[in-house]
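Engineer: Please work out how this folds:
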Amino acid sequence: MPRKLNFIRWIKYKYLQFIRIKDHPGSIAIGAALGISFDVLPTFGLGVIFAYFLATLLKVNRLAALLSAVVFKLAIPVFIYVNVQTGQLFIKDQSSVGLDLVSNPWYFFNWSHLGVSFLLGSVINAFLIFGATFLATYRFVWWRRSRSKNTKKNSLFL
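Structural biologist: Modelled structure (predicted):
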């Protein structure tokens, strides 16, 4: 089977796992937001473990934290670029990072400002993504459950 179809099947499988979680929508939303937020932070691949243990400590859904952390590992290169750009919005008088960094990685001789802007951007983006993911996931789970309840009620009268 082609590799692209396997990836699509894997995404659908993770989606179905997420939809079938039996828990309160708030608990699922916090777990999912934790998983994605730890992918934004520079955790060096340990974001899945951190998300799982923090979800356990906060007594929120651990499966949602694991699923979201695993699925969004694919977006880490995008998160790195966005973190640097966000950090440079708040740190002034520094040279900007653009496509020059991709074409010539030794273009910048002083990489220290990139580290500071990356860390600042990752913290800011982690909080923003946590809030956006929480709201979107909560609304989505609530919508899916209310939709399934309505279809069950309507199917009784057919």
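Engineer: Which helix runs longest in the protein?
Structural biologist: When the chain is parsed with DSSP state H, its longest helix is helix 112-156.
Engineer: So which elements touch that helix?
Structural biologist: When contacts are defined as 3 or more C-beta pairs under 8 Å, 6 or more residues apart in numbering; DSSP states H and E, helix 112-156 packs onto helix 25-40, helix 76-90. Every C-beta, even on glycine, is put in place using the N, C-alpha and C of the backbone.
Engineer: In terms of pLDDT, where does the closest residue to Thr43 other than its chain neighbours sit?
Structural biologist: Spatial nearest neighbour of Thr43, chain neighbours left out: Phe50 (5.8 Å); criterion: C-beta to C-beta, 6 or more residues apart in numbering. On pLDDT, Phe50 comes in at 93.
Engineer: Same question for Gln88.
Structural biologist: 86.
Engineer: ok, how many other residues are close to the closest residue to it other than its chain neighbours?
Structural biologist: Spatial nearest neighbour of Gln88, chain neighbours left out: Ser117 (4.7 Å); criterion: C-beta to C-beta, 6+ apart. As a burial measure, Ser117 scores 22 neighbours (other C-beta atoms under 10 Å).
Engineer: Would you mind stating the distance between Ser117 and Val123?
Structural biologist: 11 Å (C-beta to C-beta, to the nearest Å).
Engineer: Poorly predicted segments of the chain, please.
Structural biologist: 1-5, 92-113, 149-158 (pLDDT under 70).
Engineer: For the residue nearest the centre of it, list the residues it contacts.
Structural biologist: The C-alpha lying nearest the average C-alpha coordinate of the chain belongs to Ile36 (C-alpha atoms, centre = their mean; 2.4 Å). By C-beta atoms under 8 Å, 6 or more residues apart in numbering, the residues touching Ile36 are Ser68, Ala69, Phe72, Ile129, Phe130, Thr133.
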